[in-house]
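have a look at this fold, sequence not included:
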């Protein structure tokens, strides 16, 4: 595992492959990160163990070379996030990437209400994948259909929320920390949270802090990894 604690980028990595922790910046797609690593290492075989939305930041586990075969070992791990919801507004994408389509007052919402709704998410439940997602329907990604104003039937999926803390309440913003199973959409949790409060909500900010026992604090910023590889080759 190549982290910020690794001393140097050994030439052996290009022969045997490697796994590196990257802290994805906001505005980059997961594929942008893969492409940058590919270009930095001059190697074609690069992949990641779990997509992050472009606006989100945080941990991406990247594998290259022969180690891409090990990506499945990471994809099933629980994932932890920190972020915030904005109460009183809903958007089609369930985050701030699309325009607000509904507004309701949140003035009647109390802290007790917020903690009660939080508790309702803990444990196992079924979650409907959002239309703004990369899930495929008849060969097309759902977000491609969503952008054309189309909505199709989706199958709900089992998810597990094993940890959910409300870290700060400054209405309309609610900060949280959450740990979930593979395939859980935090955007959907934000939207459902708002529905259960009766005022609506959307995901305002999101950072993946951990995947299993691997943490964003151990990960390279993109520019740090580029410099790390460059310095190791001198």
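Sure thing, it's come through. Just so it is clear, the structure is predicted and the values come from calculations on it, not from any experiment.

report the contact partners of the residue sitting nearest the centre point of the chain.
With distances taken as Cα atoms, centre = their mean, residue 52 lies nearest the centre of the chain, 3.8 Å away. Residue 52 sits next to 24, 30, 58, 60, 208 when contact means Cβ atoms under 8 Å, 6 or more residues apart in numbering. Using the backbone N, CA and C atoms, a C-beta is placed for each residue, glycine as well.

hmm, residue 24 and the second one touching each other?
What that stands for is residue 30. Yes. If you go by Cβ atoms under 8 Å, residue 30 and residue 24 touch, sitting 6.9 Å apart.

find residues that contact each of the two.
52, 60.

quick one on the thing from earlier: of the contacts of residue 52, closest to residue 77?
Nearest to residue 77, judged by Cβ to Cβ, of the contacts of residue 52 is residue 208 at 11.5 Å.

from the structure, what's the count of residues near residue 112?
8 (other Cβ atoms under 10 Å).

distance of it from residue 198?
From residue 112 over to residue 198 the distance is 14 Å, taken as Cβ to Cβ, to the nearest Å.

do residue 172 as well
The value you get for residue 172 to residue 198, if Cβ to Cβ is used, is 14 Å.

domain parsing of this structure, as residue ranges.
Domain ranges of the chain: 12-75+214-232, 79-211, per automatic domain parsing.

mean pLDDT lowest where, among the ones you listed?
Least confident of the domains of the chain, judged by mean pLDDT, is domain 79-211 with a mean of 90.

can you get me the start-to-end distance on that one?
Domain 79-211 has an end-to-end distance of 5 Å (criterion: Cα to Cα, to the nearest Å).

so in that sheet, which strands flank the longest strand seen in the chain, and in what orientation?
Assignment by DSSP state E gives strand 157-170 as the longest strand of the chain. Strand pairing for strand 157-170, using DSSP bridges, gives strand 123-127 (antiparallel), strand 173-180 (antiparallel).
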